[in-house]
Each structure stands twice: as structure tokens, then as C-alpha cells.
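In: Fold the following.
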Amino acid sequence: MRKPLREHHLLQILSSFEEQTLPLDLFLRFYFRKHSAVGSKDRKEICEQIYTLIRWRALLDYVATSPLNWESRYLALKNHSLSSLQNEESIPPHIHVSFPKVFYDYLVSSLGIEKATAFCLTSNHPAPTTIRVNTLLASRESLIDSWKNTHAIRPCTYSPTGIRFEEKINFFGLDAFKEGLFEVQDEASQLIADLVRIEPGQRFLDYCAGSGGKS
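Out: Next up is the predicted model:
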């Protein structure tokens with residue numbers, strides 16, 4: 001029996017991904033470039049389910065039927081509520097949050113069980129998408145005002161120049177990006193730059209480590 005389009009590509013991607021060494025986001029980009037007939041809505045749904053499967057793999061493995069593979073994990077995801085599974089007392093705590101036991105135990109010993117659990121659950125959800133306003137060309141208020149009727153946005157909590165998007169969009173297609181009014185940057189990175197407090201006339205060296213997780 002032929003699988004639905006989204007399921008076919010989802011399983012094909014996960015199977016192929018394990019046989020190579022590219023990071024997932026780059027692998028997905030190349031895959032969809034090769035399979036350009038897959039529409040944007042299908043790509044979005046496929047990607048969201050793939051990231052969910054990978055984030056919650058340990059929990060899905062616990063309830064999936066044998067043999068364990070991406071198809072059985074996908075069926076487990078369709079047939080179970082992740083939030084309900086996290087409340088089942090028979091499931092070990094580190095499996096509840098889909099973390100390796102050694103790492104989970106270390107977090108509990110360092111933070112306590114409540115903060116460790118919150119840390120794990122936060123790590124397993126998509127990070128917010130934020131931008132940094134180029135205050136030489138625009139203000140945060142002006143950009144928020146121009147987008148408030150078209151995008152789900154709000155000011156960042158800590159960065160005075162940050163705007164948080166509650167949706168995924170193609171930033172690089174926006175006129176404001178082409179005009180240099182903002183750059184895509186997470187809020188933590190924005191705060192680091194602010195804390196350095198570089199003054200006019202000073203010299204600084206920026207050791208960029210792209211994809212280095214603030215190494």
C-alpha cells in the first residue's frame with residue numbers, strides 16, 4: 001500500500017539522515033531542493049514532525065512496538081499523547097523528558113528535580129525565533145508597528161532591541177531585511193553584545209564560532 005506523501009518523505013528523510021553526517025537542518029535543505037515538488041505546507045508539516053520525533057525519540061522508543069525503527073516511532077507519535085505519557089508513573093523520569101539517564105541525573109544533582117525537569121522540557125521544544133533591530137536605521141517600536149497586523153510578534157523580555165516571532169517565516173524575503181533594518185539573532189546573543197559595552201573608538205575582536213553554541 002502506497003504511503004501518503006508526507007509520511008513517505010518523512011520516513012525517507014529520517015532513514016537517509018542516519019546514513020550520513022550532515023546536520024539535520026542542512027540535510028533537510030538539500031533534500032527539499034532535490035524534491036522541489038513538495039509544497040511549502042507539506043515541507044513545514046514534515047519538518048515539524050521530524051524534529052518532534054528526534055526530540056522525543058527516547059520516550060517514543062519506550063512505547064513503540066518492535067521492531068524499533070522510524071516507522072514504529074512515527075506510529076507511536078500518532079497513537080499517543082506526549083503530554084499524557086509524561087505523566088505516566090510507570091515510565092522512568094529521564095524517559096519522561098526524553099533525556100539520557102546520565103545527563104538527567106547530573107542535572108537533578110545540580111539543579112534539583114523541578115528545575116532539571118523544566119530544563120529538559122524546555123530543551124525539547126522549539127526555540128523562539130528572534131531578531132535584533134538595527135537601531136541605526138529603525139526602532140523596535142517602528143518595526144513592531146509595521147508588522148503587528150501581519151505577524152504574531154512581541155518584544156523580547158530582556159533585550160531592548162529584540163523582537164520575538166511566534167511563527168516561522170522567511171525573514172530573508174522581507175523588505176525590512178533587504179533594507180538592513182534587522183538581523184536574525186537569538187536573544188542570548190543580543191545580551192552578550194550588550195554586556196560587553198563597547199564604546200566608540202574602542203577596538204574589539206569578535207571570535208565568531210558559527211553553530212558553536214556560544215563556544
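In: for the protein, which spans come out with low pLDDT?
Out: Counting by pLDDT under 70, the ranges of the chain that qualify are 1, 208-215.
In: Repeat the analysis, applying 50 as the threshold.
Out: Applying pLDDT under 50 to the chain flags no residue at all.
In: Name the residues that touch the longest helix anywhere in the chain?
Out: Secondary structure of the chain read by DSSP state H shows that its longest helix is helix 40-55. Helix 40-55 is contacted from outside by 5-6, 9-10, 13-14, 24, 28, 32, 38, 60, 70, 73-74, 77, 82, 98, 124-126, 168, using C-beta atoms under 8 Å, 6 or more residues apart in numbering. Glycine gets a C-beta too; all of them are placed from N, C-alpha and C.
In: Just list the residues touching the residue nearest the centre of the chain, thanks.
Out: Taking C-alpha atoms, centre = their mean, the centroid of the chain lies closest to Pro126, which sits 3.5 Å from it. When contacts are counted by C-beta under 8 Å, 6+ apart, Pro126 is found next to Tyr51.
In: That one: helix or strand, and which one exactly?
Out: Secondary structure assignment for Pro126, by DSSP states H and E: no helix or strand.
In: Please determine how far it is located from Glu166.
Out: Computed as C-beta to C-beta, to the nearest Å, the Pro126 to Glu166 distance reads 11 Å.
In: Where do the strands of the protein begin and end?
Out: 129-133, 153-155, 162-165, 182-184 (DSSP state E).
In: strand partners of the second one, parallel vs antiparallel please.
Out: Within its sheet, and counting by DSSP bridges, strand 153-155 is paired with strand 162-165 (antiparallel).
In: Kindly report the same for the last one.
Out: When sheet partners are counted by DSSP bridges, strand 182-184 sits next to strand 129-133 (antiparallel).
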